[in-house]
Every structure is written in structure tokens, then in C-alpha cells.
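Colleague: After the sequence you'll find the predicted model.
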Amino acid sequence: MAASAEAPPLRPAAGPVAPVPWSAGRVTSWLTTVDHKRIGILYIATSLVFFGAGGILALLIRTQLISPSADIFARDTYNQLFTMHGTTMIFLVVVPILAGFANYFVPLMIGARDMAFPRLNALSYWLFAFGGIVLYSSWFADGGAPRAGWTSYAPLSTYSQGSGQDLWILALHILTISSLAGAINFVVTIHNMRARGMRWTRLPLFVWTVEVYAGLLIVALPALSAGITLLLLDRKLDTSFFTPTGGGDPVLYQHVFWFFGHPEVYIMILPVFGMISEIIPVFSRKPIFGYKAIVFATVGIGFLSMVVWGHHMYTTGLPSFLLIWFMVASLIIAIPTGVKIFNWVATTWRGNILLATPMLFALGFIVVFTIGGLSGVFLAAYPFDWQVHDSYFVVAHLHYVLFGGSMLGIFAGLYYWWPKMFGRMLDERLGKAHFWLTFVGFNLAFFPQHLLGLLGMPRRVYSYRDDDLWTTYNLISTIGSYIMGLGMLVFVFNIMKTRRTGRRVGNDPWRADTLEWYTTSPPPPHNFDRVPYVSSARPLRDVRRRLEGKDA
Amino acid sequence: MRRKLPAVLVCLAGAALALSSGAAAGTGGLAPEDPVTPGAGDIEQIYFLLSVIGAVVLLFVVVPLATFVVRSRGRGRSREEEGPQVRGNTRLEIAWTLVPVVLVAIVIAFVVYKAPGIELSDQASARDTLSIDVEGRRYYWQYVYPNGVVGIDRLRVPAGQTVNLDLTAWEGDVIHSFWVPALGGKFDAVPGQTQDFTFRATKPGVYEGVCGEFCGIQHAAMTVEVEVMERDAFADWLEGEDEAQRGGDSDLGEQEWEGVCSKCHRLAGQGEPYIGPNLAATQLRNAESIEAIVRNGQGSMPPVGGGWSDRQMDALTTYLSEELAPRAEGGGGTDGG
């Protein structure tokens, strides 16, 4: 044996040709990947799976509300449904899918090879997947899933029996760490890894919004972690941070929660603003109108979002001067938001507009988000909020900004970047069917909810007043939700159909402006062979024009 | 145009539908419920102001957007053709920053001007104000009038007099919110804290509402009714009820069964168990055990009667044993729970 250790190996195959490592298999290579593009796809795919789950929960909720007292679900089950729906959509869909887009496209758009910390990046993703599994495992927990609403107000959540609430807290702790690590990664990447020449004034607007998104996450998430830790202590160790029996204050939980929760709202919409700011110019063949104004508006919104949390708490008995402060601050946000919307509209002026699916979703986004923003102005006026707070008016408002805003924008982004990610187009006809079903279904589902709120229907109820008008509006809303569900099926079908047969595309199918279109579709693992010097906010257009000999 | 048209038609049809149904039935949800207090009227005015501003802003977004998109669709145009490379326009941008500033200032000024009349905080403890203690409980509302009369779920107030509700939730309970749309606004009942809800109802009638803060399994059943009575009728009722409750022959026990117990329990022999177990005659007659469970809760039942006065407790146990026990069947509960 001693001799064989010194002798050359008997089988030459084990010699110079390296064995295929276990981690290079079809599945294992995805499990062990630290490539930002693969992690991005994992993020997006996982979020879409959770989107399906959350969507099914939504359809179940709407089915229960199809008539005033449909006994389809037990009350307790219904409470679990809407708690899980809200928690899923916010923590497992919108925030992580945006992280997925940012993962995939921030390095490409700034001409970098990868994120600054690839392994930390993988950790972020796996913590997210794990957090989602923990949350969904609560269906099988003692007492079932959490049932105190996605906001889990104390002391309702303090007294909530069973383990569901504890798993909710655990899942959110895990997701918080995931998002925090991801956010730090984005900030470091954006600050240090931009291509030569890419100054802050030449940064793609999507990257700008990711920068603010990441900054807000870093500021807001610790507050959530702290709040739910105290809640856990109240539940398990009989402390009373939020229960008055031991001298605690229930309203304190709301302050802590919304100090996180309102920036969270902008965390979920700012990167979508970024996507829209990329898509509208490309499909209009024009530069974005007012680049700097949009950047300042983004930063301004990010800053203001941290000082308006009290507008979720107008009914808790805040003193008048705070009511007025939170109203003024909230209304001021309408101004930079309006600037963005007007800039997008102006960008379409006299363009060469291509109404492809990404553009349709982007235009739908502008219309619906404007309505959602305006109903937000209503809610900022605190006496009116006293009337409709926690009613279906609020449900309508938040879905106009979160579904009509964030999700429509995310679909615009998916259709826009799909060819870059997979090298094939999604089917345009199915894409348009997807858009129209979603857009029409969405408005049918959520517009009547404004009216229900004004009529006096509170949110989070499994039954409602047996009244013709209430029943009609709820029925319309339920039908609308089914139409949206149908639209989502079309989307799934589109993905499956084009997986093998979709039209193959080159580097730059849309004649876009930013660097991700400079490389192949899909990009190679190292992203770029070389990155051009960036001399404007539209480096790819510069390259095209140089090639066409239009200017040097 | 052809592609934008369906959207426009759908929006128009939707708006027409909403408007026509609104015309058919009061406001139809296009405005808050008909207000019966000056404060609710002011809230409605704020709503109308915001609606006008909102509609104008929406038009200023949607009309140009639709026009631009329809006019500059690149049907058949080469994708190589670019639009005019306009990067901004300082005047235009200043305009669409300043106009919203003005609109926001108008909203703020109007709200701040109207707010004192809605809040009525200067009248909360005025001499002429009727002050009522309101406690939110899982899953009922309890009212204590100045003379000690207790009411459950249905609140009676005089018309034309300022009423101040001292809102709280019992210390071991969760947050509720007192919301009767016709009175204008909702205010949270937070355990361990009190806040004022001051209003002056002008029109007699019965107005319905419901708990406005998710409070658990029977949140949807936590309804509230406010009966606005003529002042004299209210005074008579309050005096009569006071006498009845002192004498132990009021309907307080029945109110408690209806408002507190029956939202979860049925009587034995009256169908499947509801949220809690059905109650049998022997259980209803056992005043001691009823009092212990009602005061302290049991299992997933919250301490619904924690903090009740003896008079309140007696009213319940008397009603249960004398009125309800004969209607319930035999020995143990149907499911023994």
C-alpha cells in the first residue's frame, strides 16, 4: 500500500481530467449556486410559487364573501386565510420578487460581474425560502395557522392561542435577516461595482430605486425585529410590553410595527417605479422625461416614508398636533409621486410607441396606481380616515397600490426582462390576454370595495350585512377576482408554452438603453466579456449609435 | 386606439353602473352614509372636496396619457425611428410640482379648519355634555350611563345634546373600535387607555355599526346599534331603566345573554354547537359555576364578564336559571364541552 501511495494513479481518467464535482449536477448546481442571475431566478420563481399560494388564499376569501353569510369556511379558518394571504403577499411575494429582479439586473445594469458578496447573496435566498416554509408549516401547527391579521396587533396576537402566531414571528425573523443581508449586499454592490464612467447621474433609474429600497430595508427592518421579539416575550415569558395588565401599552406595538410598516409600503413600490421608468422610455423610443426629477423624487419619497407611520394610527387617539403632522407629511408624499407620474406621461409624448405586453402592463400600472395614490390622499386626511379606517375602502386602496401598483409593474418587468433571462420571448397574444383579464378583473374586484367601505363594511369579516347593495358589490368583487385568477392561469400557460417553443431573441430585442442588453440572452456566467465606457444614462443607445456611425 | 378602446369602454361602463346604482339607493357607496351629526357632515364635505380634486388630477393624468398613446402608436413604424429626444422641460416640471403643492395646501387648510368641529374636544367635558362609559369587550359593547345604568350593544343617546363616549377596552381584552358610520368616524377602544368620542346627533333613529378593529373570532358579530331618542323620551327611559335595574326586574340579563353569551353559545337541544358548547339546563342553573367561568374565562373562552358588578352578574344568572333553563334540554351539554 505504501508503494501505491507514491506510484502514479493506475487509472489515467482520474488524473488530468477533473471529475465532475457533485455540485455541478442539474439540480445541485442550482442548490449550490452563488451566481446572482441564478439566485435572481430562484427568488423570482419561489416568489411566484408563493404568489400562486397567496392568490389561492385570496380566491378562497372572495368565495366566502360571495354572499352575506356563505358558510364555506369556519370563522377561525377564515381569519387564518386572510392573515396568511396578507403575510404571504407582502413578505413572500412582493418584497422577495423585487429582491429577485434586483439580484438579476442590478449587476447587469451597472456592468458588474456579480453582487459584491455572492455567498451572502445565496444565504439571503435560502433564508427567504426557509422563512416561507416555516410560515407555511404553520398550517400544520398546533391550533393552525396564525389568525391575528398580517399586522398581528397586540394584544390580540399576544392572546392568540396555539403555535401559529409563534411560527409567524419565527418566519418573520428569518425573512428579516434574509432581507437585511440582501439589502446590505445591494448597497455595497451599487456603491462599489459600477462600470467605468457610470456616475450617479448615469445610474439606471431601476438601480436608483433599488438603492433607496435597500436603504429603507436597512432602516426599517430592525424595528420590526424588535417589535416581534417583544411580542414573542409577551407571549412566552409573560412580560407585558404590549399588554396593559402589567403596565404595557398596546399602541406601542402599532408605533413599532408601522415605523417598519410604512417604509415597507415604499420598499414594495419604489423598485416598481424603477421598472416603469425603464420600460416606458424603451417602448416610446425616447429618453425618460426628467431623469433628475425622478431621482430626487425617489430619494424624497424614501425619506418621507420614514416619518408618516402615524397615518395608520389616526383612530388610536393620537393628540391633535400629531394628527396634523402625520397628515401634512403624508400629503407631501403625493407631490414627488405626482412628479413621477407626470414624468412618465410626458415620456410617452410623441414617442414611437410599441404597445407590447410590457408596455401595456406599464400603462395599466400608471392608471391604476394613480387611482391608488389618490385614495391614499383621501386616507391621509385624518377626519375622513376616521370614517373609513379599517373598512373595505382601505382594502381597496391597498390593493390599488399593491396589486394594481406593484404587481402590474412586476408583470411589466417580467415580460420586459423575460427574453434576457431565458433567451426566449413570452407569447405576445397570451401576454395581452393576461393583461386584459388582469386589468379588467382587478378593477371589477377592487373598485366596488371603495364603495363598500363608504357604506360601512369593515375589513376582516367573514360575513356582512344582508343588504342588496352590499351583496351586489361583493358579488361583483368576487367575480372580478375569478377573472384575475383566470388571467394568472393564462400567464402560467404562457410560461409553459414558450419554455421550449418561444421565439429566440438576440441580445437586445427591445432596442433598450441599459447595459443588461449589451450581453447575450441569457448572459454568460461572467456576464460581460467587456463593458463599454459609460458616458450617459443610456449606454446601450450610445453603443448602437456608434455602430450605426451616427455620432462618435 | 383599437387597443386602448376596450379599457376606456370598461371604465365608462363601470362608472355608469356605479352611478346608476348609486342613484337607485341613497348614496350607493359613492359618499359616506347619510350623516346624522354635524361632525359626520363635515367629514362628508372633506370627502367631497377630495373627490373633486382627485377627479381633476386623475383626468390630468389619464386624458394626456390616453391621447399621447393613441396619437403616437408606432403602428407600422420602424422601431429604429426614435421619438424627439426631450429630456425635460423646466417650466412644465415646476408647474406640475407647484400645482400639487397648492392642492395639498388647500386640503390641509380645509381639514384643519373643519377638525375642531368634528372632534368637539372643547365640549368633551362641558357641563351640558352627557358622558357615557363605553367598554369594548370580546365580542360586545358595554355602556355605563352616569346614573349607573348598564346597557349592552344598543346605545341610547338623546338627540340634540352633546354626548361624550369615554372609550376603553377592558384591561384583559384586545383593541376594538367604535364605528357607527352615520355618526361620523371611528375611535379605538384600547385596553388600559381611554379616549373621547364626542358627537351631537341631530336626527332620532336607529343607526347600525360594527366593530372597526379586528378583534378575533367573532369580530364580524360585534355589531353596535345607536338609538338616538328625543330628549324627553331618553330621560324617561334612563330613569325607568335605573329603577328597573335597581329592583332587579330589568331586561339586563336578557341583553347580556343576547350580546355576550349567545354570540358563541346555543341552548342544549337547539341544534349543533355554535362556537362554544351548547348549554344545558343544569349548567344554566348553576350560578356559581356560571359566575366563575364568565368572570375568568375557560379554555378558548375569554373572561367576558371580568370586571362586572354584582348587579350585572346577578341579572345574568337570574335570567339564565329562570328564563333560559326551562327552554334548554336536560342534564349535560350536548357535547359535554
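Modeller: Structure's in. What do you need?
Colleague: Can you find the residue of the stretch 201-350 of chain A that comes nearest to chain B?
Modeller: A:Pro244 (2.5 Å; Cβ to the nearest Cβ). Just so you know, the C-beta spots here come from the backbone N, C-alpha and C atoms, and that holds for glycine as well.
Colleague: mind checking how far that residue is from A:Pro250?
Modeller: Computed as Cβ to Cβ, to the nearest Å, the A:Pro244 to A:Pro250 distance reads 7 Å.
Colleague: sorry, back to before: tell me how many other residues surround the closest residue to the residue of the stretch 201-350 of chain A closest to chain B other than its chain neighbours.
Modeller: Spatially, and ignoring its direct neighbours in sequence, A:Pro244 is nearest to B:Gly192 (2.5 Å; Cβ to Cβ, 6 or more residues apart in numbering or on different chains). For B:Gly192, the count of nearby residues is 21 (other Cβ atoms under 10 Å in any protein chain shown).
Colleague: which residues does B:Gly192 contact?
Modeller: Contacts of B:Gly192 were listed using Cβ atoms under 8 Å, 6 or more residues apart in numbering or on different chains, and they are A:244-245, A:248-250, B:168, B:171.
Colleague: out of these, which are inside strands?
Modeller: B:Thr168 (DSSP state E).
Colleague: I'd like the contacts of B:Gly192 laid out as CSV, including neighbour count, distance to A:Pro68 and pLDDT.
Modeller: Formatted as CSV, the contacts of B:Gly192 follow (neighbours: other Cβ atoms under 10 Å in any protein chain shown; distance: Cβ to Cβ, whole Å; pLDDT from 0 to 100):
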residue, neighbour count, distance to A:Pro68, pLDDT
A:Pro244, 20, 35, 93
A:Thr245, 13, 37, 90
A:Gly248, 21, 38, 94
A:Asp249, 18, 37, 95
A:Pro250, 25, 31, 96
B:Thr168, 21, 31, 96
B:Glu171, 15, 34, 91
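Colleague: Find residues that contact each of A:Pro244 and A:Pro250.
Modeller: Both A:Pro244 and A:Pro250 are contacted by A:155, B:191-193, under the criterion Cβ under 8 Å, 6+ apart.
Colleague: For the stretch 201-337 of chain B, which segments are assigned as helices?
Modeller: B:231-247, B:252-256, B:281-285, B:287-296, B:310-319 (DSSP state H, counting those that start in this stretch).
Colleague: Flag every buried residue along the last one.
Modeller: By 16 or more other Cβ atoms under 10 Å in any protein chain shown, the buried positions in helix B:310-319 come out as B:312-317, B:319.
Colleague: Please apply the same query to the fourth one.
Modeller: Within helix B:287-296, the residues that count as buried by 16+ other Cβ under 10 Å are B:290-291, B:293-294.
Colleague: which pair in those spans the largest distance?
Modeller: Pairwise distances among these were taken by Cβ to Cβ; the largest, 7.6 Å, belongs to B:Glu291 and B:Ile293.
Colleague: Spit out the residues that contact these two alike.
Modeller: Counting by Cβ under 8 Å, 6+ apart, nothing touches both B:Glu291 and B:Ile293.
Colleague: nearest spatial neighbour of A:Leu205, skipping sequence neighbours?
Modeller: Of all residues not flanking A:Leu205 in the chain, A:Ser277 sits nearest, at 3.9 Å (Cβ to Cβ, 6+ apart).
Colleague: ok, back up a step: pull the contacting residues for the residue of the stretch 201-350 of chain A closest to chain B.
Modeller: By Cβ under 8 Å, 6+ apart, the residues touching A:Pro244 are A:155, A:250, B:171, B:191-193.
Colleague: For these, give me JSON lines that also has distance to A:Leu475.
Modeller: Shown next, in JSON lines, are the contacts of A:Pro244 (distance: Cβ to Cβ, whole Å):
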{"residue": "A:Pro155", "distance to A:Leu475": "36"}
{"residue": "A:Pro250", "distance to A:Leu475": "36"}
{"residue": "B:Glu171", "distance to A:Leu475": "42"}
{"residue": "B:Pro191", "distance to A:Leu475": "37"}
{"residue": "B:Gly192", "distance to A:Leu475": "41"}
{"residue": "B:Gln193", "distance to A:Leu475": "40"}
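Colleague: If we only consider those residues, which is nearest to A:Leu233?
Modeller: Distances from A:Leu233 to the contacts of A:Pro244, taken by Cβ to Cβ, are shortest for A:Pro155, at 13.1 Å.
Colleague: Tell me how far the closest one lies from B:Glu213.
Modeller: A:Pro155 is 12 Å from B:Glu213, by Cβ to Cβ.
Colleague: Could you report the separation of the residue nearest to B:Glu254 when sequence neighbours are not counted from B:Arg285?
Modeller: Residue nearest to B:Glu254 in three dimensions, not counting chain neighbours: B:Tyr319, with 5.6 Å by Cβ to Cβ, 6+ apart. According to Cβ to Cβ, B:Tyr319 stands 12 Å off from B:Arg285.
Colleague: picking that back up, from B:Asp251, how far off is the residue nearest to B:Glu254?
Modeller: 8 Å.
Colleague: cool, and B:Glu82?
Modeller: As judged by Cβ to Cβ, B:Glu82 and B:Asp251 stand 80 Å apart.
Colleague: who in the stretch 201-337 of chain B is up against chain A?
Modeller: Those residues of the stretch 201-337 of chain B that sit near chain A, judged by Cβ under 8 Å from any Cβ of the partner chain, are B:208-220, B:275, B:300, B:302.
Colleague: now the helices for the stretch 251-400 of chain A?
Modeller: A:291-304, A:320-347, A:357-380, A:382-388, A:392-401.
Colleague: list the helices and strands the last one packs on?
Modeller: For helix A:392-401, the elements it packs on are helix A:357-380, helix A:428-455, judged by 3 or more Cβ pairs under 8 Å, 6 or more residues apart in numbering or on different chains; DSSP states H and E.
Colleague: Identify whichever of the ones you listed lies nearest to A:Phe50.
Modeller: With Cβ to Cβ as the measure, helix A:428-455 is the member of the helices and strands packed on helix A:392-401 nearest A:Phe50 (17.9 Å).
Colleague: For the closest one, buried residues please.
Modeller: Using 16+ other Cβ under 10 Å as the test for burial, helix A:428-455 gives A:430-455.
Colleague: Pull the distance from it to the chain's centre.
Modeller: 19 Å (Cα atoms, centre = their mean, to the nearest Å).
Colleague: Now do that helix, average pLDDT.
Modeller: Averaged across helix A:428-455, pLDDT comes to 97.
Colleague: tell me the angle it makes with helix A:357-380.
Modeller: Angle, helix A:428-455 to helix A:357-380, by axes from the mean of the first three to the mean of the last three Cα atoms, to 10 degrees: 10 degrees.
Colleague: Any part of helix A:428-455 near chain B?
Modeller: Yes. With Cβ under 8 Å from any Cβ as the criterion, chain B is reached by helix A:428-455 at A:436, A:439-440, A:443-444, A:447-448, A:450-455.
Colleague: Count the residues that sit near the residue of the stretch 51-200 of chain A found nearest chain B.
Modeller: Among all residues of the stretch 51-200 of chain A, A:Leu156 sits closest to chain B, at 4.2 Å; criterion: Cβ to the nearest Cβ. Counted with other Cβ under 10 Å, residues neighbouring A:Leu156 total 25.
Colleague: B:Val56 too?
Modeller: Around B:Val56 there are 10 residues (other Cβ under 10 Å).
Colleague: From chain A, how far off is it?
Modeller: 10 Å (Cβ to the nearest Cβ, to the nearest Å).
Colleague: Dihedrals phi and psi, that residue?
Modeller: Main-chain dihedrals, B:Val56, degrees, to the nearest 10: phi -60, psi -50.
Colleague: where along the stretch 51-200 of chain B do the helices fall?
Modeller: Using DSSP H, counting those that start in this stretch, the helices of the stretch 51-200 of chain B run over B:90-119.
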